[in-house]
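Visitor: after the sequence you'll find the predicted model.
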Amino acid sequence: MSMIAVIGVTDASPDEEEAAEAVGQYLAEGCNTLICGGRGGVMAAACRGAVRAGGLTIGILPGETPTEANPWVTVPIPTGLGEARNALITRAADALIAIGTGWGTLSEIALAVKMNKPVIALGSAPFLQDFAEDTVLWTDDPVQA
């Protein structure tokens, strides 16, 4: 069993949420634990997919209370660290799947590359592909991710 981080934007598009939910489901079906920032958008959709498939989800939250977690987080961990919690998510994960490219997501990708962790970008922005061409795997298919 691996711990896989699903990282992505809070203000996700419907396509990003659909992809994230599928990724969460596939991760859970493969007996993986999903770790994320525990809030909305991509994170909530991935957790929803994982929980519906019987999986375990861990939310590393930026605030000081577990109530800020989305309803599909099984284990909420409030940190009080704000965006610095991105380092905890990245460190805890065996690999990361990025869906969308907000600033928080980009920081997690950068940390993962520095930590030599595998990163799969699902439908991410083309400029990111140019920047991290040799260090990030690219796909538009949630199953392949």
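Guide: That came through, no problem. Numbers count the residues shown, from 1 in each chain.
Visitor: tell me the helices in the chain, going along the chain?
Guide: Secondary structure of the chain, counting by DSSP state H: helices at 14-29, 42-52, 85-92, 103-114, 126-131.
Visitor: got a list of contacts for the third one?
Guide: It stands for helix 85-92. Helix 85-92 is contacted from outside by 3, 5, 7, 35-37, 58, 60-62, 79, 81, 96, 104, 107-108, 111-112, 115, 117, using C-beta atoms under 8 Å, 6 or more residues apart in numbering. Placement of C-beta: from N, CA and C, glycine included.
Visitor: ok, now how distant is residue 88 from residue 94?
Guide: In this view, residue 88 and residue 94 are 14 Å apart by C-beta to C-beta, to the nearest Å.
Visitor: same check, this time on residue 55
Guide: Where residue 94 is concerned, residue 55 sits at a distance of 15 Å (C-beta to C-beta).
Visitor: those two: who's more crowded?
Guide: For residue 55 and residue 94, the more surrounded residue by other C-beta atoms under 10 Å is residue 55, and the numbers stand at 23 against 14.
Visitor: wouldn't that one be in contact with residue 27 here?
Guide: Yes - if you go by C-beta atoms under 8 Å, residue 55 and residue 27 touch, sitting 6.5 Å apart.
Visitor: show me the common contact partners of these two, please.
Guide: Shared contacts of residue 55 and residue 27, defined by C-beta under 8 Å, 6+ apart, comprise residue 34.
Visitor: which residue, other than its chain neighbours, is closest to the residue most central in space within the chain?
Guide: When C-alpha atoms, centre = their mean is applied to the chain, the residue found nearest the centroid is residue 6 (1.6 Å). For residue 6, ignoring the flanking residues on the chain, the nearest one in space by C-beta to C-beta, 6 or more residues apart in numbering is residue 46 at 3.9 Å.
Visitor: hang on, the one you found packs against residue 38?
Guide: No - Residue 46 is beyond contact range of residue 38, at 10.5 Å (criterion: C-beta under 8 Å).
Visitor: more neighbours: which of these two?
Guide: A side-by-side neighbour count of residue 46 and residue 38, using other C-beta under 10 Å, places residue 46 first with 35 against 28.
Visitor: picking up where we left off before, now do the contacts for the residue nearest to the centre of the chain.
Guide: Residues near residue 6 by C-beta under 8 Å, 6+ apart: 20, 23-24, 27, 34-36, 42-43, 46, 96-97, 99.
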